[in-house]
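Student: I need the structure of the sequence given here:
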Amino acid sequence: MQPRGIIKLSLKTGQALLLGIKLQALFILFTLLGGVVLGVFPALATCTKIILRRLTHKADTTDSMFGDQRNTFPALYHEFWQFYRQSFWEINGIGYIGALAIAVLVADLIVNQNVIHSPIVQYGLIVLLIMVFTYWLYVFTIYARYALHFWQYFRQALVISVAKFSNTLAIIMGSILATVVLVVFPALTFVALVPLYLTPMIWFSYRSCLHVEAVMTYQPS
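Tutor: Down below sits the predicted model:
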């Protein structure tokens with residue numbers, strides 16, 4: 001007999017938590033493998049790719065109490081290594097350009113606040129900073145979903161991030177909820193921190209991707 005009701009829900013919850021623990025372990029392992037500085041962005045991108053695949057592709061053994069065969073640790077390790085290696089240099093370039101943009105804007109804010117004292121410049125820099133932070137909410141999902149040229153990822157992230165603002169708000173609310181969960185269950189910080197924050201970000205940014213794709217496909221000429 002296949003599990004049903006609360007038993008099935010418990011199994012699915014356990015399987016999801018176990019997948020999160022495995023992804024957290026792989027994230028730490030591959031971040032260290034890249035010497036942290038060069039490892040963190042490829043590890044984040046690979047976690048995003050795997051979570052997106054699980055959200056958009058049904059398991060081969062949906063009703064098995066052992067879960068998806070793709071989620072065994074050897075299979076996950078192989079999948080993680082393949083995308084990590086493939087994306088290593090490109091996602092580092094994308095990530096550090098975004099990080100540099102934040103650093104420059106923050107530095108400009110500090111200079112303006114202490115030297116220039118221009119309210120117009122201050123507001124303009126704050127708007128740009130918000131745009132860059134919004135870019136970070138979408139760029140990993142876009143990188144995981146599309147095969148684009150390097151600079152196209154920046155344009156696509158900008159377009160999709162403003163296409164449906166309700167999803168951006170949902171990502172923020174999901175992050176707040178994830179923080180509440182971590183406060184209530186602090187042990188999750190050590191075993192599933194990254195997947196817990198990535199999952200709502202990926203899901204709602206993916207919905208924005210679908211929205212833009214639908215508009216581009218069905219927009220009348």
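
Student: what's the spacing between the spatially most central residue of the chain and Trp136?
Tutor: Geometric centre of the chain, nearest residue: Leu198, 4.4 Å, by C-alpha atoms, centre = their mean. For Leu198, the distance to Trp136 equals 12 Å [C-beta to C-beta, to the nearest Å]. All C-beta atoms are positioned from the backbone trio N, CA, C, and that covers glycine.

Student: Equivalent analysis for Trp89, please.
Tutor: Distance from Trp89 to Trp136, by C-beta to C-beta: 19 Å.

Student: neighbour count winner among these two?
Tutor: Trp136 (16 against 11; other C-beta atoms under 10 Å).

Student: residues in contact with that one?
Tutor: When contacts are counted by C-beta atoms under 8 Å, 6 or more residues apart in numbering, Trp136 touches Gly98.

Student: and if you look at Leu137?
Tutor: Contacts of Leu137 (C-beta under 8 Å, 6+ apart): Ser161, Thr168, Ile171, Met201, Ser205.

Student: what do you get if the cut-off is 6 Å, keeping everything else the same?
Tutor: Leu137 makes contact with Ile171, Met201, according to C-beta atoms under 6 Å, 6 or more residues apart in numbering.

Student: Now for Val106, how many residues are close by?
Tutor: 13.

Student: now it: how far from Ala99?
Tutor: 11 Å.

Student: Likewise for Ala192?
Tutor: 25 Å.

Student: Can you spell out which helices and strands pack onto the host helix or strand of Ala45?
Tutor: Assigned by DSSP states H and E, Ala45 belongs to helix 40-56. Packing contacts for helix 40-56, counted by 3 or more C-beta pairs under 6 Å, 6 or more residues apart in numbering; DSSP states H and E, involve helix 5-33, helix 73-111, helix 119-145, helix 193-218.

Student: For that helix, list every residue counted as buried.
Tutor: The neighbour-count check on helix 40-56 (16 or more other C-beta atoms under 10 Å) flags 40-52, 54 as buried.
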